[in-house]
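Colleague: sequence and predicted structure, then a few things I'm wondering about:
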Amino acid sequence: MITAEVKLKEKDAEMILKVISKLGGKVKVISPENAKESSAKKKFKADLEDAFHEIKLHQEGKIKLKTARELLDEL
């Protein structure tokens with residue numbers, strides 16, 4: 001089976017997607033808004049994982065985190 005990425009104008013997409021489905025192909029529609037949101041979600045998830053990793057290291061005594069006062073002083 002072949003996987004292909006196809007960019008279509010909205011007015012043409014519905015007809016072409018129906019043809020692909022009738023031929024037995026699987027169709028997954030990714031709109032531009034969802035693609036941007038997806039990358040933002042990926043970045044948020046990575047940032048959150050990094051933060052939890054830092055908390056774990058702090059609890060183990062391997063690193064020292066900044067205090068709230070130190071963060072505010074940087075601003």
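Modeller: Arrived safely, thanks for sending.

Colleague: alpha carbons only for contacts and neighbour counts from here, please
Modeller: Fine.

Colleague: count of residues packed around Lys56?
Modeller: By other Cα atoms under 10 Å, the residues close to Lys56 number 13.

Colleague: what strand or helix carries it?
Modeller: Here Lys56 sits within helix 32-59, counting by DSSP states H and E.

Colleague: in that helix, what counts as buried?
Modeller: Neighbour-count burial for helix 32-59 flags 54-55 (criterion: 16 or more other Cα atoms under 10 Å).

Colleague: next structured bit after it?
Modeller: Proceeding N to C from helix 32-59, the next assigned helix or strand is helix 68-74, under DSSP H and E.

Colleague: what average pLDDT does that next one get?
Modeller: The average of the pLDDT scores along helix 68-74 is 92.

Colleague: cool, and stretch 4-21?
Modeller: 83.

Colleague: report the distance from it to the chain centre.
Modeller: Chain-centre distance of stretch 4-21: 24 Å, with Cα atoms, centre = their mean, to the nearest Å.

Colleague: and that stretch, which residues are buried?
Modeller: So for stretch 4-21, counting by 16+ other Cα under 10 Å, buried means Leu17.

Colleague: residues in contact with that stretch: which ones?
Modeller: With Cα atoms under 8 Å, 6 or more residues apart in numbering as the contact definition, stretch 4-21 has outside contacts at 26-27.

Colleague: if we use 7 Å, what do you get?
Modeller: With Cα atoms under 7 Å, 6 or more residues apart in numbering as the contact definition, stretch 4-21 has outside contacts at Val27.

Colleague: how close does Lys66 sit to Lys26?
Modeller: Counting by Cα to Cα, to the nearest Å, the gap between Lys66 and Lys26 amounts to 50 Å.

Colleague: try Arg69
Modeller: Distance, Arg69 to Lys26, using Cα to Cα: 54 Å.

Colleague: kindly report the same for Asp47.
Modeller: Asp47 sits 33 Å away from Lys26, going by Cα to Cα.

Colleague: how about Lys7?
Modeller: Lys7 is 16 Å from Lys26, where distance means Cα to Cα.
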